[in-house]
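K.L.:
give me a 3D structure for the following:
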Amino acid sequence: MKIKLKKYHFLIYFLIFLLYSCNINENNINQAFENEEPQTILANIPPDDPDGKYLYNPELTLSWYGYDKDGFIKGFKYRWCTIISDNDTLWNDWSFIQSIDSDGNKIYDSNMKTFVFESPNERNFHIFEIAAIDDKGKVDSSPAKLRFWTKKGPEAETELISSPSNETIVSESTNEFWKGLVFIFKDKNSKYAFKINNNQWSDYIYNDTIILTGKHFPSSGNYTIYFKSRNKYYMEDKSPLEFNIKIIKPLRTKNLLLIDMTSDGIGLPGNPTDKETDNFYEMLLKDNNINFDIWDVNNEGFFPDRLKISGYKIIFIYSDHNFNTLENKFLYDDIQKLNEFLFTGGNIIISCKSINNLFYNNEQAYSFFYEIFQIEKNFNSIEILRDNQLNKLNGYPILEIDQHKIPFEWFGGLQNTQTYYPRAFNKSIYFLDSTNKINTTISLLNTKVYKAVLSTLPLYYFKYDGVKQLIKIIFENLK
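P.N.:
Residues are numbered from 1 along each chain as shown. Here you go, the predicted model:
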């Protein structure tokens with residue numbers, strides 16, 4: 001009995017001891033399990049140097065480490081400040097470096113990094129800060145700090161590796177085909193600014209490409225565009241690059257420019273004179289009440305320039321001979337003119353007996369028509385094409401060959417007519433049945449940007465009434 005009393009007395013004394021000897025509350029419990037801040041240490045290479053005893057290269061590798069008593073370091077955040085002048089201090093935003101990957105493995109080289117510090121002056125002062133972050137997201141509230149000085153960085157140089165031609169037709173804005181005036185620079189790590197004539201400099205663009213449109217130029221005329229770079233060391237090019245360019249903003253106040261590229265023949269069937277083909281097309285347009293001007297490439301000695309063609313809504317080019325003289329072929333710059341005209345909103349019609357005859361070589365022809373007219377890079381020829389072989393879409397007239405214009409040796413048909421196969425955005429008007437589906441002779445192309453018509457049926461050789469009706473429908477579709 002005495003033993004039981006002693007046990008009860010002991011239990012009572014123990015409870016009284018817990019109540020009065022220990023002051024336990026909620027704050028004590030939280031304090032016991034609170035996450036402690038991690039700590040950050042810089043390797044001090046270079047050493048902290050606020051007075052500028054040493055000058056370092058602007059491109060510098062720094063090292064650090066961190067530790068956490070109650071966890072582990074999952075990463076670091078860092079930033080730095082550069083004192084450019086008394087009124088210009090550059091603070092970079094905080095950046096994060098991850099130390100542990102998704103599998104819990106330490107990431108190699110997360111404790112060091114090479115930085116490029118802005119250094120436009122002979123002496124440049126920087127403050128670098130870095131703070132460790134532990135596994136629970138707590139950040140060192142007293143980041144490690146390093147003060148040091150760098151010497152002047154290498155000079156900046158502005159160098160173009162790609163630019164538009166020195167004369168070009170421009171649109172007010174870019175589109176799927178017209179990409180604007182594209183200037184690409186050599187140094188991809190620099191920022192670039194531009195100004196036009198005596199206007200203000202633009203802000204620096206952190207990109208190796210600057211794109212300008214017609215909105216940057218108030219009117220057609222000659223301009224000087226200046227470019228300057230600021231490299232990664234914050235060095236600014238003191239000798240801006242000058243680019244002279246003639247800008248043509250299309251007015252398109254006139255309806256149609258008829259461009260004659262037919263070589264002059266001797267006036268026999270199959271070999272018409274230049275005047276005979278001119279009269280044929282002029283009558284077609286007049287009878288359809290279409291206003292137009294004429295440009296004869298053979299008489300003028302060259303294809304019309306950009307300023308000339310940009311005044312028209314439509315260009316109608318015809319070349320109905322079996323051959324073309326050297327004077328009546330597209331030069332490389334002429335091809336560029338047609339590209340710019342189309343891509344900035346102009347419309348084009350081409351009627352020719354042979355696509356290749358318009359170009360100096362087949363590759364030029366293939367590339368031009370592949371992109372502009374969406375046709376495959378291969379053309380076929382039909383030895384003898386007769387009008388009863390042509391199929392047509394509903395609504396378009398029947399085209400009959402004018403036998404008075406066909407020589408005896410052509411056996412009543414068109415000799416060696418070129419055909420092609422369309423790729424996309426192409427609605428065929430006249431076509432030939434073919435198991436290979438490669439024989440398309442005339443198409444109206446409707447794309448997202450422009451409308452264009454290509455005919456390898458030389459319209460001069462067909463009866464007038466049918467061609468007149470066809471021209472009427474084509475121009476209705478181009479509106």
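K.L.:
name the helix or strand for Tyr226, please.
P.N.:
Secondary structure assignment for Tyr226, by DSSP states H and E: strand 221-230.
K.L.:
run through who's touching that strand.
P.N.:
With CB atoms under 8 Å, 6 or more residues apart in numbering as the test, strand 221-230 has contacts from 156-158, 160, 183, 185, 187, 190-197, 201, 204, 210, 212, 217, 236-237, 240-247. Just so you know, the C-beta spots here come from the backbone N, C-alpha and C atoms, and that holds for glycine as well.
K.L.:
Leu470: which element?
P.N.:
helix 464-478.
K.L.:
same check on Leu338?
P.N.:
helix 332-343.
K.L.:
with just CA atoms, put the helix or strand following that helix into PDB.
P.N.:
Sequence-wise, the next helix or strand downstream of helix 332-343 (DSSP H and E) is strand 347-352. The C-alpha trace of strand 347-352 is given here as PDB (Å, rounded to 0.1, in the frame of the first residue of the first chain):
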ATOM      1  CA  ASN A 347      -1.000  43.500-110.400                       C
ATOM      2  CA  ILE A 348       0.600  41.900-113.400                       C
ATOM      3  CA  ILE A 349      -0.400  40.100-116.600                       C
ATOM      4  CA  ILE A 350       2.100  38.300-118.800                       C
ATOM      5  CA  SER A 351       1.300  36.800-122.200                       C
ATOM      6  CA  CYS A 352       4.100  35.000-124.000                       C
END
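K.L.:
which elements pack onto the helix or strand just after strand 347-352?
P.N.:
Next helix or strand after strand 347-352 toward the C-terminus (DSSP H and E): helix 362-372. Judged by 3 or more CB pairs under 8 Å, 6 or more residues apart in numbering; DSSP states H and E, helix 362-372 is in contact with helix 332-343.
K.L.:
tell me which stretches of the stretch 51-200 of the chain form strands.
P.N.:
59-67, 73-85, 88-91, 95-98, 112-116, 123-134, 144-151, 160-162, 167-169, 181-185, 191-196 (DSSP state E, counting those that start in this stretch).
K.L.:
mean pLDDT lowest where, among the ones you listed?
P.N.:
If you rank these by mean pLDDT, strand 88-91 sits at the bottom with a mean of 74.
K.L.:
next one: it to chain centre, how far?
P.N.:
What separates the centre of strand 88-91 from the centre of its chain is 33 Å, taken as CA atoms, centre = their mean, to the nearest Å.
K.L.:
list the pairing partners of that strand within its sheet, with orientation.
P.N.:
strand 73-85 (antiparallel) (DSSP bridges).
K.L.:
who's in contact with Leu285?
P.N.:
Counted by CB under 8 Å, 6+ apart, Leu285 has contacts 256, 258, 292, 316, 471.
K.L.:
tell me the secondary structure at it.
P.N.:
helix (DSSP: H, G, I helix; E, B strand; the rest coil).
K.L.:
and the closest residue to Ser367 other than its chain neighbours, how close does it get to Arg423?
P.N.:
Spatial nearest neighbour of Ser367, chain neighbours left out: Lys377 (7.6 Å); criterion: CB to CB, 6 or more residues apart in numbering. Lys377 sits at a distance of 9 Å from Arg423 (criterion: CB to CB, to the nearest Å).
K.L.:
cool, Asp134 as well?
P.N.:
60 Å.
K.L.:
can you pick out the residue with more neighbours from the two?
P.N.:
With neighbours defined as other CB atoms under 10 Å, Asp134 and Arg423 compare such that Asp134 has more, 23 against 12.
K.L.:
my read: that one touches Gly75, true?
P.N.:
No - counting by CB atoms under 8 Å, Asp134 does not reach Gly75; the two are 9.2 Å apart.
K.L.:
switch the strands of the stretch 51-200 of the chain over to JSON lines; also include distance to Asp278.
P.N.:
Output for those, formatted as JSON lines (distance: least, CB to CB, whole Å):
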{"stretch": "strand 59-67", "distance to Asp278": "69"}
{"stretch": "strand 73-85", "distance to Asp278": "69"}
{"stretch": "strand 88-91", "distance to Asp278": "68"}
{"stretch": "strand 95-98", "distance to Asp278": "70"}
{"stretch": "strand 112-116", "distance to Asp278": "66"}
{"stretch": "strand 123-134", "distance to Asp278": "72"}
{"stretch": "strand 144-151", "distance to Asp278": "73"}
{"stretch": "strand 160-162", "distance to Asp278": "41"}
{"stretch": "strand 167-169", "distance to Asp278": "27"}
{"stretch": "strand 181-185", "distance to Asp278": "37"}
{"stretch": "strand 191-196", "distance to Asp278": "43"}
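K.L.:
and the helix holding Leu470, how far from the chain's centre?
P.N.:
Relative to its parent chain, helix 464-478 has a centroid offset of 37 Å by CA atoms, centre = their mean.
K.L.:
buried stuff in that helix?
P.N.:
For helix 464-478, the neighbour count (16 or more other CB atoms under 10 Å) marks 466-468, 470-471, 474-475, 478 as buried.
K.L.:
now stretch 299-307
P.N.:
Quick answer for stretch 299-307 (16+ other CB under 10 Å): 303-304, 306.
K.L.:
over to stretch 324-332?
P.N.:
Buried residues in stretch 324-332 (16+ other CB under 10 Å): 324, 328-330.
K.L.:
repeat that for stretch 106-121.
P.N.:
Within stretch 106-121, the residues that count as buried by 16+ other CB under 10 Å are 110-111, 113, 116-121.
K.L.:
for stretch 171-179, same thing?
P.N.:
For stretch 171-179, burial by neighbour count (16+ other CB under 10 Å) applies to 171, 174-175, 177-178.
K.L.:
closest one of these to Ile100?
P.N.:
Minimum distance to Ile100 across the buried residues of stretch 171-179 is 44.6 Å, recorded for Thr174 (CB to CB).
K.L.:
need the contact list for the closest residue to that closest one other than its chain neighbours.
P.N.:
What sits nearest to Thr174 in space, not counting adjacent residues and going by CB to CB, 6+ apart, is Gly180, at 4.5 Å. Counting by CB under 8 Å, 6+ apart, Gly180 touches 170-171, 174, 211-213.
K.L.:
of those residues, closest to Leu459?
P.N.:
Closest approach between the contacts of Gly180 and Leu459, by CB to CB: Ser171, at 30.8 Å.
K.L.:
residues near the nearest residue to the closest one once chain neighbours are set aside, how many?
P.N.:
Distance criterion CB to CB, 6+ apart; nearest residue to Ser171, sequence neighbours excluded, is Thr344 at 4.0 Å. Using other CB under 10 Å, Thr344 is surrounded by 23 other residues.
K.L.:
for Asp274, same thing?
P.N.:
Asp274 has 19 neighbours, counted by other CB under 10 Å.
K.L.:
same question for the one 3 residues further on.
P.N.:
Thr277 has 23 neighbours, counted by other CB under 10 Å.
K.L.:
helix/strand/coil for it?
P.N.:
Thr277 - assigned by three-state DSSP - is helix.
K.L.:
residue ranges with poor pLDDT in this protein?
P.N.:
Along the chain, segments meeting pLDDT under 70 span 1-33, 84-88, 322, 424-425, 434-450.
K.L.:
return the distance of the residue nearest to Cys352 when sequence neighbours are not counted relative to Gln415.
P.N.:
Once flanking residues are discounted, Cys352 sits nearest to Ser319: 4.3 Å by CB to CB, 6+ apart. Distance, Ser319 to Gln415, using CB to CB: 16 Å.
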